[in-house]
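S.K.: the amino acid sequence is not available; the structure is as follows:
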């Protein structure tokens, strides 16, 4: 919901891909890359038919699936195989980007900052990009694979304090939430603990699955990992939205497991100064 | 150090991994960068650089029965940092696919999760999260796992309690059916 609001406010026109389906994500590529490609390609083929130039996604895993399908379709043999599985013809004449990339490259940091009505002053934020948004660099074609900075720049331009965060691209393990929870708790604990260690008021993420995992499992981490974590986890457009003047409710902050109220209170007090 | 019988080198396996992954595994010179960066090394039975070495040595059984290949989260750290530009994550993916085919999957839970996920996509076109959670937990004999998370998400409008099929659900079934036919299943 924050993505839609922010896109609209920034003049990015979003059109929902008609009757979109699941990209298949990690489960599909462990079965077969042709199936993986086809599940992603159905969405791209529909978008092509709708005459759209770019498929934008807030999720890095969808993004990787789309980019993989777009790599496959460049190969004549694979294009033929993909199209044998699909109802609609898939040409591969479309591109896919993350919403973060669109905001950073096409709107631009300065233009975003100029529209800020309520700067994020008083907020100390740890930027967490997750594992696959910028990696591998050949596929991602965006930001730096080891030390990405796009969210840092956006948040700084909006008035937030963004300290160096050493675990920007460490994996939180979210995809194993059901079958290997103990591993997920270990990986996620490290990230949350580090963010707390550098004095962050919140962790800012660029992936909805990271958001859900890191927000929802803090109670489990605290009771099983021997560390006490209590840190709001916000998706990047929620913060951009707050700066643009949307209310916490409008950007979905009432839906979190870990309440962001302490962060919001600190911010409100700073704005009043 | 382990002593290897030269007769145990399965050259066909080496070729198959290379063909299916599109990677030249002989490029790996065992620097260990992949293992150093792998966030899941602590949980692996065989570290990822040793998986690469075992492929070079054609040790099919050891590799395809390893737990490591199923605990890899495809985070792409290894691929990003490999100085020889081997797409290691792609190799790990290829090994999972081969292990499925050979019937040597060592992490039944992980496989079951992936299969249950895809089954949900096949039925509905999109993931029906509540259904996936319940079905996976039942199949795994632990019906109340993660029940503590319920109060944190309920009433927030984040989850649909009933599945909602997309209009083109037949097109999705078509993809799965044609895929199964193509692979001779």
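M.R.: In hand now; what should we look at? Bear in mind that the values here come from a model prediction, so they are computed numbers and not experimental data. Numbers count the residues shown, from 1 in each chain, chains lettered A, B, ... in the order given.

S.K.: from now on I want contacts and neighbour counts done on CA atoms only, so please keep to that.
M.R.: Will do.

S.K.: does the helix or strand of chain B with the lowest mean pLDDT reach chain A?
M.R.: When each helix and strand of chain B is scored by mean pLDDT, DSSP states H and E, helix B:150-153 comes last, with a mean of 82. Yes: with C-alpha under 8 Å from any C-alpha of the partner chain as the criterion, chain A is reached by helix B:150-153 at B:152, B:153.

S.K.: which residues of the chain fall in helices?
M.R.: Answering for chain A, as no chain was given. Under the criterion DSSP state H, helices of chain A are mapped to A:2-9, A:25-29, A:33-49, A:60-72, A:76-85, A:99-101, A:109-114, A:137-140, A:150-157, A:181-197, A:208-216, A:218-224, A:236-244, A:261-272.

S.K.: chain B, not that one
M.R.: Ranges of helices within chain B are B:11-21, B:33-37, B:48-56, B:60-64, B:68-71, B:77-81, B:88-102, B:108-124, B:129-139, B:150-153, B:169-182, based on DSSP H.

S.K.: got a list of contacts for stretch B:115-127?
M.R.: For stretch B:115-127, contacts defined as C-alpha atoms under 8 Å, 6 or more residues apart in numbering or on different chains pick out A:21-22, A:24, A:27-28, B:128, B:131-132, B:135-136, B:163-166, B:168-169, B:172-173, B:176.

S.K.: could you measure from residue B:66 over to residue B:82?
M.R.: Relative to residue B:82, residue B:66 is positioned 22 Å away (C-alpha to C-alpha, to the nearest Å).

S.K.: what pLDDT does the residue lying farthest from the centre of chain B get?
M.R.: Note on chain B: the largest C-alpha distance from the chain mean falls to residue B:155, namely 33.2 Å (C-alpha atoms, centre = their mean). Note on residue B:155: pLDDT of 73.

S.K.: got the phi and psi for it?
M.R.: phi 80, psi 0 (degrees, to the nearest 10).

S.K.: get me the contact residues on the stretch 101-250 of chain A for chain B.
M.R.: So the stretch 101-250 of chain A meets chain B at A:131-132, A:135-137, A:145, A:170-171, A:173, A:175-176, A:178-180, A:183, A:187, A:216-217 (C-alpha under 8 Å from any C-alpha).

S.K.: would you show me how to pick out the buried ones of those residues in ChimeraX?
M.R.: In ChimeraX, a selection of the buried entries from these looks like this (16 or more other C-alpha atoms under 10 Å in any protein chain shown):
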select /A:131,132,135,136,137,145,170,171,173,175,176,178,179,180,183,187,216,217
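
S.K.: mind listing which of the residues of the stretch 101-250 of chain A next to chain B are in strands?
M.R.: Among these, no member falls in strands (DSSP state E).

S.K.: look at the closest residue to residue B:68 other than its chain neighbours and say how many residues are nearby.
M.R.: Among residues not flanking residue B:68 along the chain, residue B:44 sits closest, at 4.6 Å (C-alpha to C-alpha, 6 or more residues apart in numbering or on different chains). By the criterion of other C-alpha atoms under 10 Å in any protein chain shown, residue B:44 has 16 neighbours.

S.K.: all set now, cheers.
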